[in-house]
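In: Quick one, what's the 3D model for this:
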Amino acid sequence: MAESFDILVEQHRALEALLERLDTEPDEDELRLRQEELSRLLQLHSRLEERHMYPLVARVEGRGRAREEAEDHLALGELMEELQELTPRGDAWQARLFTLQDLLVAHVQSTEHLLLPRLATSLDAEELDTLEHDLALTCEELLERSQRTPAAGRGALLEALHWDA
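Out: Numbers count the residues shown, from 1 in each chain. Prediction:
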């Protein structure tokens, strides 16, 4: 697969690892930290795909396919928000976690095995290079902005983002 997508694939691996840790983490404080980390990474990943991948998907595969991708991300975000509102290790929390895992696995498989290879063959070398650069730059910018102390009346970028925004 094209190197242009490496950042997204790396995030997929990190998301999978965090979900695995949530499922097996015995320490309550660590569980909450991992859950918060998962939420931030999922938001970051969603923003990267929304900003850079959806326009490509719409161009290459049509607006309907881009909407399907957006709906998948919306469902992941809603599940993540529900998970954060529930008591960890409770039955409802566990059910949300399993559903989130299933949706994420489906997203990863669909993206890595179907979508990214089709995009890689549909874009020329210059477009792929530009995409790689833009993904890295946006990721760096979002991470940097999320680390800054927010200005009065404004939250950190990733914390302030809502899934439906």
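In: average pLDDT for the helix or strand hosting Leu100?
Out: Using DSSP states H and E, Leu100 sits in helix 91-110. What helix 91-110 shows for mean pLDDT is 95.
In: can you map out the helices along the protein?
Out: 6-24, 28-48, 54-61, 63-85, 91-110, 116-122, 125-147, 157-160 (DSSP state H).
In: could these go into a markdown table alongside mean neighbour count?
Out: C-betas here are computed from N, CA, C, even on glycine. A markdown table is the format used below for those (neighbours: other CB atoms under 10 Å):
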| stretch | mean neighbour count |
| --- | --- |
| helix 6-24 | 16 |
| helix 28-48 | 17 |
| helix 54-61 | 16 |
| helix 63-85 | 16 |
| helix 91-110 | 16 |
| helix 116-122 | 15 |
| helix 125-147 | 14 |
| helix 157-160 | 16 |
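In: Could you tell me the least trusted of those?
Out: Among the helices of the chain, helix 157-160 scores lowest, with a mean of 46.
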